[in-house]
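> The following block contains a protein sequence and its predicted model.
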Amino acid sequence: MQQETTTIFEPFKIKMVEPLPILSPEERKVRIKEAHFNLFCLPSKYVTFDFLTDSGTSAMSAEQWAGMIRGDESYAGSPSFEKFEAVVGGVTGMPYVIPTHQGRAAEALLMRAMIQEGQIVIGNTHFDTTRANIQDAGAEALDLPDPGTLNSDKFAPFKGNIDLGRLKEILAGRGLGKVAALIMTVTNNSVGGQPVSMENIRAAKKIVDEYNIPLFIDAARFAENAYFIKLREPGYENKSVKEIAGELFSYSDGVLMSSKKDAFGNIGGFLALKNSELAQKVRSLMVITEGFPTYGGLAGRDLEALSIGLHEVLDENYLAYRLRSTEYLGKGLADAGLKMVIPFGGHAAYIDAGATLPHIPPHQFPGQSLSVALYQEIGVRSVEVGTVMLGCRDTQTGEEKLAPKELVRLALPRRVYTQSHIDYILEQACRMRRNLEKLRGYAFTYQAPVLRHFTAHFREL
């Protein structure tokens, strides 16, 4: 463990470098206009600091690259799968391990195998692809976030929790036969990368068990969540992250994971289940789209890299660096005058764009405005997590259904950027802050019916 110090140092050495694209503000204004003011549509060759997502953007270790050389590409029964199965089973405690090409594939398979049209899937807050897969299966995605999420500037240790009182009310009213499952996302991405407490998961499990409703863990950032529990929840300060994660998973009936996050993978995911019948149903479905159940759309080299990554992410020196780096970015942005979601998350710093740009109303997408400005002024690609991503347009009235908060997420890729990169961004954010009142809102010129934020086009108002 690093000694207490004000200086954060990376607990790794850099073995390979990649040049950063450096454009002038004038060039960036041209490029973002060509991309219809959508950061997803912007070619990465025009981005200096890419904080769009931490998914699949991590730097793999020397050991992971070595593992990729060892990867066995047998179609069925590969030794690389056997290693992956053992590692995932050891971390999650689940007997049935099913690889998928990424997290959304695991979501789609689980929804097709488990839920029926008209049912409800409850979550502490479903993220975009989870919600889309639930809705695609004809079910309702219902969020029950902790009330503390409404106050961005108020500290609470576990803002990612589910609202247990509302969970009880929903199940008492519609539980029998209507609610198909509860999915707890750890950490809770959509509300600011906030952790979920062990106490909350334990209590939620007890509630849903009364109605024979299964609980699943979306474990994309499980190690970060476990480390938050170690730091903040009494009784866990002397337990290892692996032990904490093991207890967390013990309260679930299954785990779905995008391994592009806390497993340092550039691709990959999995489903891990307790129920043999559900596992067999998923495997029967996956052959149609993902491939044979022992590779699930992945090459053997990918399975090797993920197996090693799931071991590396449990290193508490790495996790201490990870959380402190995110906090450093968040505090710096707050010092620059931006309104931030606190406490700072594990994988990202979230700007409360609604509070930062109060002159732009929610239906004019202040988060989109701030995201565009961060790129134009600094070269940072971020992502809007507000009404563009989580809202929708009423097909009859044309009115926007607004998201609870208008946020901008700066997701830090794992083991990619150094503190000097962050210091430069913070320096430029201080300069940019003086002109925030001049920013204008945006309007859609095109939007897809599902996951519109990925491909939408905008115009400045």
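That came in fine, so what should we check first?
> This protein - how does it break down into domains?
Residue ranges for the domains of the chain, per automatic domain parsing: 25-54+315-460, 62-312.
> Residues contacting stretch 378-385, please?
Defining contact as CB atoms under 8 Å, 6 or more residues apart in numbering, one finds that stretch 378-385 is touched by 22-23, 28, 39-40, 42, 44, 47-53, 189-190, 350, 353, 365, 367-368, 370-371, 374-375, 389, 403, 405-411, 425, 428-429, 432, 453. C-beta here means a position set from N, CA and C on the backbone, and glycine is covered the same way.
> Give me the subset of those lying in strands.
Within the contacts of stretch 378-385, residues falling in strands by DSSP state E are 49-50, 350, 407-411.
> CA atoms only for stretch 85-105, dumped as PDB, please.
Extracted C-alpha coordinates of stretch 85-105, given in PDB (Å, rounded to 0.1, in the frame of the first residue of the first chain):
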ATOM      1  CA  GLU A  85     -14.200 -20.600 -16.100                       C
ATOM      2  CA  ALA A  86     -12.000 -21.300 -13.100                       C
ATOM      3  CA  VAL A  87     -11.100 -17.600 -12.500                       C
ATOM      4  CA  VAL A  88     -14.700 -16.300 -12.900                       C
ATOM      5  CA  GLY A  89     -16.100 -19.100 -10.800                       C
ATOM      6  CA  GLY A  90     -13.500 -18.400  -8.100                       C
ATOM      7  CA  VAL A  91     -14.300 -14.700  -8.000                       C
ATOM      8  CA  THR A  92     -18.100 -14.900  -8.200                       C
ATOM      9  CA  GLY A  93     -18.700 -18.300  -6.600                       C
ATOM     10  CA  MET A  94     -21.000 -19.200  -9.500                       C
ATOM     11  CA  PRO A  95     -20.900 -22.800 -10.900                       C
ATOM     12  CA  TYR A  96     -22.100 -21.900 -14.400                       C
ATOM     13  CA  VAL A  97     -19.900 -19.500 -16.400                       C
ATOM     14  CA  ILE A  98     -20.900 -18.400 -19.900                       C
ATOM     15  CA  PRO A  99     -18.500 -16.100 -21.900                       C
ATOM     16  CA  THR A 100     -20.000 -13.400 -24.200                       C
ATOM     17  CA  HIS A 101     -18.500 -10.900 -26.600                       C
ATOM     18  CA  GLN A 102     -19.400  -8.000 -24.200                       C
ATOM     19  CA  GLY A 103     -21.700  -7.000 -21.400                       C
ATOM     20  CA  ARG A 104     -24.700  -6.100 -23.600                       C
ATOM     21  CA  ALA A 105     -24.700  -9.600 -25.100                       C
END
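> how about it: buried residues?
85, 87-88, 91-94, 96-105 (16 or more other CB atoms under 10 Å).
> cool, stretch 450-461 as well?
With burial defined by 16+ other CB under 10 Å, the residues of stretch 450-461 counted as buried are 452-453, 456, 458.
> Out of those residues, which is nearest to I244?
Among the buried residues of stretch 450-461, H453 lies closest to I244 (CB to CB), at 33.2 Å.
> isn't the closest one right up against G386?
No. The pair formed by H453 and G386 falls short of the contact definition of CB atoms under 8 Å, at 9.5 Å.
> Check the contacts of stretch 378-385 for burial and list the buried ones.
Buried among the contacts of stretch 378-385 by 16+ other CB under 10 Å: 23, 28, 39, 42, 47-53, 189-190, 350, 353, 365, 367-368, 370-371, 374-375, 389, 403, 405-411, 425, 428-429, 432, 453.
> check contacts around P11.
Applying CB under 8 Å, 6+ apart, the residues near P11 are 2, 315, 317-318, 321.
> Equivalent analysis for Y75, please.
Y75 makes contacts with 292, 295, as judged by CB under 8 Å, 6+ apart.
> pLDDT value on it, please?
On pLDDT, Y75 comes in at 94.
> you'd agree it is in a strand?
No. The assignment for Y75, made by DSSP: H, G, I helix; E, B strand; the rest coil, is coil rather than a strand.
> Nearest residue to K29 in space, please, no chain neighbours.
Excluding the flanking residues, the one nearest K29 by CB to CB, 6 or more residues apart in numbering is Q376, at 5.3 Å.
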